[in-house]
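*Asks:* attaching a predicted model along with its sequence, questions to come.
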Amino acid sequence: MSIFKRLEDIFKSNLNDLLDKAEDPAKMIHQIIREMKEQLVSATAEVNHAKADARMIQNQYDAERKKAEEWGKNAELAVGQNKDDMAREALKRQADHEKIAAGFKEQYDKQATVIAKLDSNLRALGEKIREAEMKQNLLIAREQTAKASKHVEEVSSHIGNTSAFEAMDRMERKVEHMEAEAEAVHDTEEAIVGDPLDKEFKKLKDSAPSDDVEQRLAALKSKKNPEGPKS
């Protein structure tokens, strides 16, 4: 019954305590489930063997009881025919078979008690396995969530790193400075090599009001003086 001593150790163990002490709970519970399933297979085989023994004991008990009944009937038959010696021998045989049957009955009762305990242990082991499997699924889900959270935190830490944004700002300021230098060079070249007369006309064109502005001005005057100047 060493297998059931091992089962007893499993039943006494606290699954939560084992997982709390484990460095890798998911791996630990997988190992526990595998071991318990192996124990379940072995225990089931032993229970079936014990039940087979009990059935054999039951058959032997029934056979001895039947023989005892037969010798009891023989004794009655002998008494009916005034054959006391035969009746005594039949009663002796009956008593012998009843004694043997009583021994088988005692052995069967003990075996039945053991089987009941074994069946109870098997059911308890099945419950332990189901409990472990539920915890395994929960641990896997928690592990996946933890990995996802860790990944998000790592991505967030990179996003929160201002060095990349600072580099972009420096690059933007550098480009703006280069554009300003280019405009300055252009203005300098215009001042040196440009035709003064062209420059004057350009200024006039730039300062001259556009046609749109003139039209707006005329419309505004017309609105203010709809009848024209008075004589």
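*Replies:* Yep, it's here. Here the structure is a predicted model, which means the values were calculated and not measured. Numbers count the residues shown, from 1 in each chain.
*Asks:* drop to CA atoms for contacts and neighbour counts, all remaining ones
*Replies:* Will do.
*Asks:* and the next element down the chain from the strand or helix carrying Q60?
*Replies:* Secondary structure assigned from DSSP states H and E places Q60 in helix 25-80. Secondary structure here is assigned by DSSP H and E; on that basis, the next helix or strand after helix 25-80 toward the C-terminus is helix 84-159.
*Asks:* chain center to that next one: distance?
*Replies:* On the basis of Cα atoms, centre = their mean, to the nearest Å, helix 84-159 is displaced by 26 Å from the centre of the chain it belongs to.
*Asks:* so where is the protein shaky, pLDDT-wise?
*Replies:* Along the chain, the parts satisfying pLDDT under 70 run over 1-25, 155-165, 185-201, 203-211, 213, 226-231.
*Asks:* the same query, at a cut-off of 50, please.
*Replies:* Counting by pLDDT under 50, the chain contains low-confidence ranges at 1, 11, 231.
*Asks:* geometric centre of it: which residue is closest?
*Replies:* N137 (2.8 Å; Cα atoms, centre = their mean).
*Asks:* list the contacts of it.
*Replies:* Shown here is N137, which makes no contacts under the criterion Cα atoms under 8 Å, 6 or more residues apart in numbering.
*Asks:* what secondary structure does D169 sit in?
*Replies:* D169 falls in the helix class when you classify it by DSSP: H, G, I helix; E, B strand; the rest coil.
*Asks:* gap between it and M178?
*Replies:* Using Cα to Cα, to the nearest Å, D169 is found at 14 Å from M178.
*Asks:* can you check R130 too?
*Replies:* 72 Å.
*Asks:* separation between the closest residue to D62 other than its chain neighbours and A63?
*Replies:* Nearest in space to D62, with sequence neighbours left out and distances taken as Cα to Cα, 6 or more residues apart in numbering, is A101 at 7.5 Å. Between A101 and A63 the computed distance is 8 Å (Cα to Cα).
*Asks:* so for these two, which sits in the more crowded spot?
*Replies:* The neighbour comparison of A101 against A63 (other Cα atoms under 10 Å) goes to A101, with 23 against 14.
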